[in-house]
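Peer 1: using only what follows, build the 3D model:
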Amino acid sequence: MEKLYDVIIIGGGPSGLSAAIYSSRAKLKTLLFEKAACGGQIIITDLIENYPGFDDAINGYDFAMKLESQAKKFGTDFAFEEVIEIKDGKTKIVKTAAAQYETKSLIIAAGTKVRPMGIKGEKEFMGQGISYCAVCDAPFFKNKTVAVIGGGDSAVQESIYLSKFAKTVIAIHRRDSFRAAKSLQDKMFSVSNISVKYDCIPLEIKGSQKVESLIISNLKTKEQEEIFLDGIFVFIGLIPNTENFNFLNLENGYIVTDENMQTSAQGIFACGDIRKKQLRQVVTAASDGACAAVSAERCLVN
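Peer 2: Here you go, the predicted structure:
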């Protein structure tokens, strides 16, 4: 058994890092698990324009590194391992492939993963023209034609970003209007090389060794169309990473908490995108993390 921690945090996105900053600053012995690089979804975000206090937009990766550096400054321990099992009890046991750790309180900030389309050809062409990250892959599609699937903030924001590289961006949305913030929509509609296909869904991806075309269907007319293109970027929602947390109260896969981030298990808290909430933004993730850390501290005192 490894040494006993006051707080273990699972997930190194903005919520987990914010929790680490607050708990470490409170002199709690804190360990944060992250299976990849700290930052979560934010590291693949081009620019953050709406975080309070930043007059100029900040790159998502740079923002994440600032959070990680701040957590380290206050003494947070980091373990870049994947958590594979949780055991609840008076103390909580966190297991990885290499070891197991014990903690008095647990904060779950494991975030979400992208939702796939689930259509024919998607698995076959993943990485061969299909992407879920414009910031990662946009340079590969310079002067090419790409489609963006989705109608929320991410889809619109990434369409704008892709327009800087691609010759043509075709935004495909299943409804007759976008759900994204009006400010983002206005910006997208002002870009000359972005066109929109409303009321359409993707049916099949075709190609030989890479993506060559996409079959779409109009939900109103039932007509099908083949669009010849070089790449497809998918932004149709997220799936919470709650595979290891089925012992908690979940709703639609998301962890249910109260306003103090308390879950259905005593001493276990959840924060950020993984919990049931109305708004999933960096600022709310940071707020959740702070609340979870303070709640964990009070739990240890009581």
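Peer 1: and the next helix or strand past the helix or strand bottoming out on mean pLDDT in the chain?
Peer 2: In the chain, no helix or strand scores lower on mean pLDDT, DSSP states H and E than strand 47-48, which sits at a mean of 81. Per DSSP states H and E, the first helix or strand lying C-terminal to strand 47-48 is strand 58-59.
Peer 1: if we can go back for a sec, helices or strands up against the least confident helix or strand of the chain?
Peer 2: With contacts taken as 3 or more Cβ pairs under 8 Å, 6 or more residues apart in numbering; DSSP states H and E, strand 47-48 sits against strand 58-59, helix 60-73. Heads up, the C-betas are built off the backbone N, CA and C, glycines and all.
Peer 1: so what are the sheet partners of that strand and their directions?
Peer 2: strand 58-59 (antiparallel) (DSSP bridges).
Peer 1: which other residues reach the strand it pairs with?
Peer 2: Counting contacts by Cβ atoms under 8 Å, 6 or more residues apart in numbering, the residues outside strand 58-59 that touch it are 45-48, 51.
Peer 1: redo that, cut-off 6 Å
Peer 2: residue 48 (Cβ atoms under 6 Å, 6 or more residues apart in numbering).
Peer 1: need the contact list for the nearest residue to residue 19 once chain neighbours are set aside.
Peer 2: Of all residues not flanking residue 19 in the chain, residue 289 sits nearest, at 3.8 Å (Cβ to Cβ, 6 or more residues apart in numbering). Under the criterion of Cβ under 6 Å, 6+ apart, the neighbours of residue 289 are 15, 18-19, 271.
Peer 1: now do 8 Å
Peer 2: If you count contacts by Cβ under 8 Å, 6+ apart, residue 289 has them with 14-22, 107, 109, 271-272.
Peer 1: that one belongs to a strand?
Peer 2: No: counting by DSSP: H, G, I helix; E, B strand; the rest coil, residue 289 falls outside a strand, being helix.
Peer 1: pLDDT score assigned to it?
Peer 2: Looking at residue 289, its pLDDT reads 98.
Peer 1: what of residue 159?
Peer 2: 96.
Peer 1: just give me the neighbour total for the residue nearest to residue 71 when sequence neighbours are not counted.
Peer 2: Distances taken as Cβ to Cβ, 6+ apart place residue 20 nearest to residue 71, at 4.1 Å, with adjacent residues excluded. For residue 20, the count of nearby residues is 33 (other Cβ atoms under 10 Å).
Peer 1: give me the low-pLDDT residue ranges for this protein?
Peer 2: The chain contains residues with pLDDT under 70 at 1-2.
Peer 1: so which residues of it form helices?
Peer 2: Assigned by DSSP state H, the helices in the chain fall at 14-25, 60-73, 134-137, 153-162, 182-189, 282-301.
Peer 1: now tabulate these in a markdown table and tack on distance to residue 255.
Peer 2: A markdown table is the format used below for those (distance: least, Cβ to Cβ, whole Å):
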| stretch | distance to residue 255 |
| --- | --- |
| helix 14-25 | 12 |
| helix 60-73 | 22 |
| helix 134-137 | 28 |
| helix 153-162 | 21 |
| helix 182-189 | 28 |
| helix 282-301 | 11 |
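Peer 1: that older thread, ok, the residue nearest to residue 19 to residue 137 distance?
Peer 2: 29 Å (Cβ to Cβ, to the nearest Å).
Peer 1: mind listing what the residue nearest the centre of the chain touches?
Peer 2: Nearest to the mean C-alpha position of the chain, counting by Cα atoms, centre = their mean, stands residue 41 at 3.8 Å. Residue 41 makes contact with 13, 111-112, 273, according to Cβ under 8 Å, 6+ apart.
Peer 1: pull the most distant pair out of those residues.
Peer 2: 13 and 112 (9.3 Å; Cβ to Cβ).
Peer 1: what is the burial count for residue 152?
Peer 2: With other Cβ under 10 Å as criterion, residue 152 counts 17.
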